[in-house]
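Trainee: coordinates only, sequence not included:
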């Protein structure tokens with residue numbers, strides 16, 4: 001079976017609580033005949049990150065953006081405005 005390459009944008013680091021869902025996602029796209037490619041996971045960078053993304057996008061037939069949380073703040077400020085923990 002020939003796979004179609006798709007660019008998968010996601011953080012390289014994931015909390016353990018997200019890993020099973022990502023594994024399920026990867027299995028499902030493979031079941032659909034797609035091969036997910038991610039900088040730092042399936043493809044190792046040799047250039048600036050944006051250059052690598054653009055080059056990889058040229059090799060892919062589509063893209064998927066997975067919006068996993070990466071940074072959480074419970075206090076501090078942004079541009080002088082205090083962050084309220086909600």
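Mentor: Received the coordinates, thanks. What you are looking at is a predicted structure, and each value in this text was computed from that prediction instead of being measured.
Trainee: so how far is the first residue of stretch 36-54 from its last?
Mentor: 15 Å (Cα to Cα, to the nearest Å).
Trainee: so how far is that stretch off the chain centroid?
Mentor: Distance of stretch 36-54 from the chain centroid (Cα atoms, centre = their mean, to the nearest Å) equals 11 Å.
Trainee: Could you list the buried residues of it?
Mentor: For stretch 36-54, a neighbour-count test (16 or more other Cβ atoms under 10 Å) marks 36, 37, 38, 39, 52, 53 as buried. All C-beta atoms are positioned from the backbone trio N, CA, C, and that covers glycine.
Trainee: Going by distance to residue 11, which of those residues wins?
Mentor: Within the buried residues of stretch 36-54, proximity to residue 11 (Cβ to Cβ) peaks at residue 38, which comes in at 9.5 Å.
Trainee: In contact with that closest one: list those residues for me.
Mentor: Residue 38 makes contact with 7, 8, 9, 10, 12 under the criterion Cβ atoms under 8 Å, 6 or more residues apart in numbering.
Trainee: at 10 Å instead, please
Mentor: Shown in contact with residue 38 (Cβ atoms under 10 Å, 6 or more residues apart in numbering): 6, 7, 8, 9, 10, 11, 12, 26, 53, 56, 64, 66.
Trainee: show me what contacts the spatially most central residue of the chain?
Mentor: With distances taken as Cα atoms, centre = their mean, residue 10 lies nearest the centre of the chain, 0.9 Å away. Applying Cβ under 10 Å, 6+ apart to residue 10 gives the contacts 18, 22, 25, 36, 38-41, 64-68, 70.
Trainee: how much space is there between it and residue 41?
Mentor: To residue 41, residue 10 is 8 Å away according to Cβ to Cβ, to the nearest Å.
Trainee: do residue 65 as well
Mentor: 15 Å.
Trainee: same question, residue 52
Mentor: For residue 52 relative to residue 41 (Cβ to Cβ), the value is 12 Å.
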